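Trainee: make a model of this:
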Amino acid sequence: MKKIHILFLSLMAVCMTSCYSHRVIGYLQEPTKHNKLPQYDSVAYEPYRIRVNDEIIYRLITMDQTIAKSLGANNNYAGGQYANSYRVYSDGTVDLPFLDPIKVQGLTEIEAQDTLKKAFREIIPDADVKVALYNKYFSVIGDANSSRYYIYKEKMNIFQALAMTGDVMNSGDRRHIRIIRPRDGGQEPEVLEFDIRTNTIIDSKYYYIYPNDVIYVARTKNSFFTVQNYSGFIGLITSSVALLTSVLNYVALLYK
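Mentor: Model (predicted):
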C-alpha cells in the first residue's frame with residue numbers, strides 16, 4: 001500500500017511539471033533569476049535589397065500613344081499604364097522594353113524605382129515608374145501551419161508572420177526558432193537561431209522578416225509527454241485517481 005501511495009504522488013509530481021506554462025510558451029517575457037532568457041541587442045532596420053533570381057514588377061505610366069502602340073495589347077495597357085514582371089539575371093540586371101539591361105541587384109525597391117524612372121525618362125519625357133518585388137513571400141515549416149505566406153507590409157515582424165500561421169503549436173520549441181535566410185553571390189544561406197520568448201527580441205536582428213525567409217519551428221523533445229493545457233491535466237489526474245482507486249479496492253479485497 002505504501003508503494004502505491006508513493007507511485008500516486010510521483011504521478012502527480014510528473015503531471016504538475018508536464019503542463020505548458022507561460023514560462024515555456026509565453027512571449028515578451030522579462031528575464032528573471034528563475035527564467036534566464038537571452039538578451040538581444042537592438043539593431044537598425046535594413047530594407048530588403050534585390051537579389052539574383054528575384055522578380056520585380058514595374059508599372060510604366062505615360063500618355064504617349066506611340067509607346068502604347070509599340071508595347072502592344074499583350075502588355076495590358078489601360079489608361080497609359082503597363083504592368084510587367086521580370087527576373088533578375090545572374091549578372092544582377094533586368095531586361096525591360098526599350099532599355100538596355102539595367103542592374104538592380106543590391107538596390108532597395110525605392111532605389112530600383114528611381115533607377116528605372118531615370119532610364120525611361122531619357123526616351124519618354126513624361127514617364128513615371130512604380131516598382132515592387134513580385135516574390136514577396138516567406139515560408140514556415142515545422143510545428144506551425146506550414147505554408148508560404150505573402151509579406152503584405154513593410155517591416156513585417158516575426159510575431160506578425162507567425163500570427164498568419166495561427167501561431168506556433170504548444171509543442172513547438174520557442175527557445176530555438178530558426179530563420180533560414182538566402183544570401184546573394186552564391187553564398188550559403190544564413191541561419192539565425194533565437195529564443196522568441198524574450199522581450200528583447202523586439203528590434204533585434206531576428207525581429208523582421210524578409211522575402212524568401214524560411215522560418216523553421218522544431219518540436220520540443222519532451223512534447224509527447226506534455227499535457228497540452230490544464231483541462232487535459234485535470235482529465236489526466238481524474239482518470240489516474242479513478243484507476244488508482246480501482247487498484248486499491250482490488251488489493252483491499254485480496255487481503256480480506
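
Trainee: which SSE is E111 in?
Mentor: helix 109-120 (DSSP states H and E).

Trainee: whichever helix or strand comes after that helix packs against which elements?
Mentor: Helices and strands here follow DSSP H and E; after helix 109-120, the next one along the chain is strand 128-133. Counting contacts by 3 or more CB pairs under 8 Å, 6 or more residues apart in numbering; DSSP states H and E, strand 128-133 is packed against strand 55-61, helix 109-120. C-betas here are computed from N, CA, C, even on glycine.

Trainee: now the helix holding E111, how far from the chain's geometric center?
Mentor: A distance of 29 Å separates the centroid of the chain from that of helix 109-120, by CA atoms, centre = their mean, to the nearest Å.

Trainee: buried residues, it. List them.
Mentor: For helix 109-120, the neighbour count (16 or more other CB atoms under 10 Å) marks 109, 112-113, 115-117, 119-120 as buried.

Trainee: swap in stretch 169-179?
Mentor: 169-175, 177-179.

Trainee: how about the strands in the stretch 1-150 of the chain?
Mentor: 55-61, 81-87, 93-94, 102-103, 128-133, 137-142, 147-150 (DSSP state E, counting those that start in this stretch).

Trainee: partners of the third one in the sheet?
Mentor: Applying DSSP bridges, strand 93-94 is found paired with strand 102-103 (antiparallel).

Trainee: what sits up against the strand it pairs with?
Mentor: Strand 102-103 is contacted by residues 91-94, 96, 115-116, 119 when judged by CB atoms under 8 Å, 6 or more residues apart in numbering.

Trainee: off-centre distance for it?
Mentor: 30 Å.

Trainee: which of the strands of the stretch 1-150 of the chain comes out lowest on mean pLDDT?
Mentor: Ranked by mean pLDDT, the strands of the stretch 1-150 of the chain end with strand 81-87 at the bottom, a mean of 70.

Trainee: need the distance between the two termini of stretch 125-143.
Mentor: Chord length of stretch 125-143, first to last residue, is 53 Å (CA to CA, to the nearest Å).

Trainee: in that stretch, what's buried?
Mentor: Neighbour-count burial for stretch 125-143, counted by 16+ other CB under 10 Å, picks out 127, 129, 131, 133, 135-136, 138, 140, 142-143.

Trainee: and for stretch 55-64?
Mentor: Those buried within stretch 55-64 under the rule 16+ other CB under 10 Å are 56, 58, 60-62.

Trainee: could you pull out the helices in the stretch 151-256 of the chain for me?
Mentor: Applying DSSP state H, counting those that start in this stretch to the stretch 151-256 of the chain gives helices spanning 158-164, 230-254.

Trainee: lowest mean pLDDT across the ones you listed, which one is that?
Mentor: Across these, helix 230-254 gives the lowest mean pLDDT, at a mean of 62.

Trainee: contacts only, for the closest residue to P47 other than its chain neighbours.
Mentor: Leaving aside its sequence neighbours, P47 sits nearest to T108 (CB to CB, 6 or more residues apart in numbering; 4.5 Å). Going by CB under 8 Å, 6+ apart, T108 touches 47-50.

Trainee: and the residues you listed, which are buried?
Mentor: Here, 16+ other CB under 10 Å leaves 48-50 buried among the contacts of T108.

Trainee: CSV for the buried residues of stretch 125-143, including distance to I209?
Mentor: Output for the buried residues of stretch 125-143, formatted as CSV (distance: CB to CB, whole Å):
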residue, distance to I209
A127, 33
V129, 27
V131, 20
L133, 13
N135, 14
K136, 10
F138, 5
V140, 10
G142, 15
D143, 18
